[in-house]
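In: Return atomic coordinates for the entry below.
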Amino acid sequence: MSRGATEETIEKIRDPENSDLPARTRAALRYADHVAGDPGPIAGPLEAELRRWFSDEQILDLGMCLGFAAGWQRFIEAVGIVPDWWREGSTPPWEAG
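Out: Numbers count the residues shown, from 1 in each chain. The predicted structure is shown next:
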């Protein structure tokens with residue numbers, strides 16, 4: 001069984017607006033960009049789009065996950081924590097086989 005995303009999927013995530021990803025997925029990715037970028041209130045077109053595809057509970061759950069991931073990434077960067085394999089330029093464990 002293959003684990004993780006394919007290169008094709010990763011490319012689609014990098015440029016979701018020009019991909020064939022489902023509209024719901026593109027909305028979630030716009031939400032992720034909002035939370036990770038310069039977060040402010042969710043309003044206007046983003047709010048309308050999220051409400052089209054997600055319930056209030058789902059928007060909250062997704063936002064909590066996005067906020068945690070964004071905060072964790074900033075913390076890791078701030079204190080310079082990187083895995084040994086990254087520092088050494090090695091293959092990630094999940095690709096090592």
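
In: tell me the SS of Tyr31?
Out: Here Tyr31 is recorded as helix under DSSP: H, G, I helix; E, B strand; the rest coil.

In: if you average pLDDT over stretch 62-81, what comes out?
Out: Averaged over stretch 62-81, pLDDT sits at 89.

In: centre of the chain versus it, how much separation?
Out: Distance, stretch centre to chain centre, for stretch 62-81: 11 Å (CA atoms, centre = their mean, to the nearest Å).

In: same question, stretch 22-42
Out: 9 Å.

In: Would you mark the buried spots in the helix or strand bottoming out on mean pLDDT in the chain?
Out: Lowest by mean pLDDT, DSSP states H and E among the helices and strands of the chain is helix 93-96, with a mean of 75. Neighbour counts using 16 or more other CB atoms under 10 Å place no residue of helix 93-96 among the buried ones. (C-beta placed from N, C-alpha, C; glycine too.)

In: Other residues contacting it?
Out: 3-4, 85, 90 (CB atoms under 8 Å, 6 or more residues apart in numbering).

In: what about the strands in the chain?
Out: Counting by DSSP state E, the chain has no strands to list.

In: so where's it uncertain?
Out: Counting by pLDDT under 70, the chain contains low-confidence residues at 1-2, 97.

In: Can you check which helix is longest in the chain?
Out: Taking DSSP state H as the criterion, the chain has its longest helix at helix 56-79.

In: Please report the distance of the residue most central in space within the chain from Leu50.
Out: What sits nearest the mean C-alpha location of the chain, by CA atoms, centre = their mean, is Ala32, with 5.4 Å. Distance, Ala32 to Leu50, by CB to CB, to the nearest Å: 11 Å.
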